[in-house]
Structures are given as C-alpha cells and as structure tokens.
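Peer 1: Next one to model:
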Amino acid sequence: MAHAKLSPSSAERWMTCPGSVALCDGLVDEGSSFAEEGTAAHWAAEQILLGKHDQFSVVGQKAENEYIVTADMVVDVERYITQIQDLVASTGGNLLVEQRLPIGEWTGESDAHGTSDAVILASGEIIVCDLKFGRGVQVDAAENKQLMLYALGAVETFDIAAGPFERVRLVISQPRLGHYSEWTLTMADLEAFGAEVKAAAKATAATDAPHVPSEKACKFCKAKATCPALRSEVMDAFENVEPKTAEVDRLGWAMGKVALVETWCKAIRAEVEKELLAGKAIAGWKLVKGKMGNRKWSDPTEAENMLKSLRLKVDQMYDLSLISPTSAEKLANSEVIGPRQWKKVLPLITRTEGGPSVAPESDKRPAIEPISSDAFDVVQPHDDFV
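Peer 2: Have a look, this model is predicted:
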C-alpha cells in the first residue's frame, strides 16, 4: 500500500494538529541529503546486526537508496549496535531487526504498518529501539509518540507467542550526539495511549479538523509554509511585543514562540526558493549566483607534480597538523589505537565549558546562576588615574 498518512514517524504532528493531514495531502516530500545519509546508516546497521556484513566489509557498499556507506558512518553506527547488543545480553532477549509492525487498528488505515529499527522480546518486557542518525535536536524516549505507536504494534504482534508482557521499554540512540535515552511504561499506560491515538486519528478525518501549531508538530510538516494557523500564530506572537520594553511575563511568553517563528521563516524561504527554481515569478525576489566555493586543485596529482618541479620545500608544499581528538577517538573505535593506548590519550583531551544558553524550564539540564554584579568589590580609582 502507499505510505500511511498517519505514520508513526509523523505521529507528533498529526496527533497534535489533526488539520495538518488534509493540508499535507498531495504535497511531495522533497527529501534531503541528511535523510539519504540516515537511510544508508540504518541499512548499514541492519546489515551488521543480521550478520550479512561486518563493520569492515560494509564500508563502500551501496545502501538500498544507492548512498555509499562510509567509514565514518560505520564508526557512529557501531555505537548504536553495541547498545543494542548490550540490551540483548543483559535481558537474554530475542532480537528482531527492521521489524514491520501493524498500526491500522489504532490509526484506522487499512493494512497500515510502521517499521521499528529493532525490537527485543525479553521475559515480561518488550523493548522497542530507534536509531536517530541526525546531528540536530536531541530526542528523548519519554512519551515519544513514534515509539509508542511501534510498541502498540509490537505487543499486538508478539503478545501471544512471546508474552505476556508486563511493561514496554522505549529506547532512542543518537550516536552522533552521544545521546542515549530510555523510558519504561506499563501495559495500562500503553493501552491509554492507544485510545488517544484512535481519538486523534478520528479527528484527522473531520472536515473541520483543527489546526494546532506547535514547535514539534510544525517542524517536519510539509504544509508549514502555507498553513494559515501557523501564519496567524506567528503574526499574533510578535504583533504587540516590543523586546526592550516588554514586561518579563510577556517577554517569556514571546520567547516560547521563537522556535515556532523560526520554523515558519525557514519554510517560507524554502518555498520561495523552490518556486523560483521552478521558473515561477515571486514579486520582489529573484535567483542570483551565490558566493563562490573554496578554491581547489582540478587535478591534485598534477598540481602536486607541478609544485615539486618548482623545487618547493616539503613544509612549503604541505600543511601538516595534528589530528583532532574526534579523529583520534575514531581510530580507537576501529582499534587502530588499542584500549590501553587510548587510556593514555584520554587525559590529554580537554574541552572548554559551554557558555550560557537560554532553554525552557522543561530542559533536563540544571539551571546556572548568573554572576551578580554584587559579587564584585567596588574598586576605588587610584589618585594617579583620577
């Protein structure tokens, strides 16, 4: 069947904003190089977990989308694989890779399915795992609608053969961000969520399905550039807010809308660019040639031979620099640097502390206290400087 309109990967959108389903109907997903890379990474993980390739032989292979698997990609994928293997070892569970799971009972779409990256069937527990390969926003397993929908399908599929299950564990691995998240819910919690899904799915079919803009729901919505509700939300958010004179409460409210506004602005820019590239006129705007790329040798070997013929010294011809800690870690992960050697390297690595950054109160990181001006002694000017 065609790709489900109410898919698990877009559940955050259509469960929050039922009206988005009709707005997105017929719109083509343009895709991106990041999505292509992510698809290839998932394919590489599947190949290794199923034993069809190891971490060495999978490098250079073409994934199903023709994207070539790179060594750097495999280094990151290996972290996810290790986490999955550790879960299997610690629970004694049975691992199922790229498992197709039915969701039609809850979404109402006939034969609708979703595919979980990994499902582990353990004693009294079912574990649903998801690999996120992007470098963008950190994603948590807690109340993750995509994984909870997978969990509904997984329980329906395996409860009789491998159950009964007392709980469900959701796992998200983001190896490129060094992020790993787990969240456990009871079967009663999952059943309650299933009821929410059914209600949300029913709401999407209504002719007057509501539009409910939000940061999470709008982020990957294909219709955000033309959504009237999002446009109104953006305009209303800052129509009467003057940053320098706004009251603290009003300023905090407006700050909560910034990410949503930025999402809308990016969507408008992308839509204008798409229309112009298609040859359509946009009043007041045109396509121009952007900044030229960095200079490079058209033929590095020929350029190298030419510079050698000029009798240049080695230090004049080549830029030599020490590899970064990140590159060194990749050598350690691929065992070029041994475990004992890596322990000697670690003390030499340092990082600067992150600067202050504004975040919502729901952020799990602890708040930092700004240094008050009262903490400093008043310094009286010396007579020589008066």
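Peer 1: Strands along this structure, start to end?
Peer 2: 94-102, 113-122, 125-131, 167-174, 179-186 (DSSP state E).
Peer 1: Could you export those to a markdown table, including columns for mean pLDDT and distance to residue 257?
Peer 2: Every residue, glycine included, has its C-beta placed from N, CA and C. What follows is those, written out as a markdown table (pLDDT from 0 to 100; distance: least, CB to CB, whole Å):
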| stretch | mean pLDDT | distance to residue 257 |
| --- | --- | --- |
| strand 94-102 | 94 | 36 |
| strand 113-122 | 94 | 31 |
| strand 125-131 | 95 | 29 |
| strand 167-174 | 96 | 26 |
| strand 179-186 | 95 | 26 |
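Peer 1: Could you dump these into TSV and include mean neighbour count and distance to residue 231?
Peer 2: Shown next, in TSV, are the strands of the chain (neighbours: other CB atoms under 10 Å; distance: least, CB to CB, whole Å):
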stretch	mean neighbour count	distance to residue 231
strand 94-102	17	36
strand 113-122	21	31
strand 125-131	24	32
strand 167-174	23	32
strand 179-186	15	33
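Peer 1: show me where pLDDT drops low in this protein?
Peer 2: 1-3, 30-31, 240, 246, 371-386 (pLDDT under 70).
Peer 1: can we see that at 80?
Peer 2: Where the chain drops to pLDDT under 80, the residues are 1-4, 28-33, 136, 162-163, 236-251, 254, 334, 354-364, 369-386.
Peer 1: what separates the nearest residue to residue 88 once chain neighbours are set aside from residue 41, distance-wise?
Peer 2: Residue nearest to residue 88 in three dimensions, not counting chain neighbours: residue 95, with 5.0 Å by CB to CB, 6 or more residues apart in numbering. Relative to residue 41, residue 95 is positioned 18 Å away (criterion: CB to CB, to the nearest Å).
Peer 1: Could you do residue 189 as well?
Peer 2: 31 Å.
Peer 1: And the two? Which one has more around it.
Peer 2: Using other CB atoms under 10 Å as the criterion, residue 189 and residue 41 rank with residue 41 on top: 25 against 15.
Peer 1: pretty sure that one contacts residue 135?
Peer 2: No - the pair residue 41 / residue 135 is not scored as a contact, 11.7 Å apart, by CB atoms under 8 Å.
Peer 1: List just the one of the strands of the chain that sits closest to residue 243.
Peer 2: strand 179-186 (32.4 Å; CB to CB).
Peer 1: and the closest one, how far out from the chain's middle?
Peer 2: On the basis of CA atoms, centre = their mean, to the nearest Å, strand 179-186 sits 16 Å off its chain's mean C-alpha point.
Peer 1: hey, what's the residue nearest to residue 88 bridged with?
Peer 2: Counting by DSSP bridges, residue 95 is bridged to residue 120.
Peer 1: dump the residue contacts of it.
Peer 2: 49, 84, 88, 118, 119, 120 (CB atoms under 8 Å, 6 or more residues apart in numbering).
Peer 1: got the strands of the chain as a markdown table, with distance to residue 309 columns?
Peer 2: Listed next are the strands of the chain as a markdown table, based on distance: least, CB to CB, whole Å:
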| stretch | distance to residue 309 |
| --- | --- |
| strand 94-102 | 54 |
| strand 113-122 | 54 |
| strand 125-131 | 50 |
| strand 167-174 | 49 |
| strand 179-186 | 51 |
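Peer 1: among those, which is nearest residue 269?
Peer 2: Going by CB to CB, the one of the strands of the chain nearest residue 269 is strand 167-174, 26.7 Å.
Peer 1: helices or strands up against that closest one?
Peer 2: helix 71-91, strand 125-131, helix 145-162, strand 179-186, helix 187-204 (3 or more CB pairs under 8 Å, 6 or more residues apart in numbering; DSSP states H and E).
Peer 1: With just CA atoms, put it into PDB.
Peer 2: Extracted C-alpha coordinates of strand 167-174, given in PDB (Å, rounded to 0.1, in the frame of the first residue of the first chain):
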ATOM      1  CA  ARG A 167       5.900  -3.400  30.600                       C
ATOM      2  CA  VAL A 168       7.400  -1.800  27.500                       C
ATOM      3  CA  ARG A 169      10.800  -0.100  27.300                       C
ATOM      4  CA  LEU A 170      11.400   2.600  24.600                       C
ATOM      5  CA  VAL A 171      15.000   3.200  23.600                       C
ATOM      6  CA  ILE A 172      16.400   6.000  21.400                       C
ATOM      7  CA  SER A 173      20.100   6.100  20.300                       C
ATOM      8  CA  GLN A 174      21.600   9.200  18.800                       C
END
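Peer 1: Confirm for me that residue 277 is in contact with residue 271.
Peer 2: No - counting by CB under 8 Å, residue 277 does not reach residue 271; the two are 10.9 Å apart.
Peer 1: quick one, which of these two is more surrounded?
Peer 2: With neighbours defined as other CB under 10 Å, residue 277 and residue 271 compare such that residue 271 has more, 14 against 9.
Peer 1: quick one, what contacts the more buried one?
Peer 2: Here residue 271 is in contact with 225, 226 (CB under 8 Å, 6+ apart).
Peer 1: what does residue 68 give?
Peer 2: Here residue 68 is in contact with 40, 60, 61, 62 (CB under 8 Å, 6+ apart).
Peer 1: Just to check, the first one is in contact with residue 74?
Peer 2: No - distance between residue 40 and residue 74: 10.3 Å, which falls outside the contact criterion (CB under 8 Å).
Peer 1: Mutual contacts of these two, please.
Peer 2: Counting by CB under 8 Å, 6+ apart, nothing touches both residue 40 and residue 74.
Peer 1: Okay, and which of the contacts of residue 68 map to helices?
Peer 2: In helices, defined here by DSSP state H, the members of those are residue 40.
Peer 1: top of the contacts of residue 68 by neighbour count?
Peer 2: residue 40 (23 neighbours).
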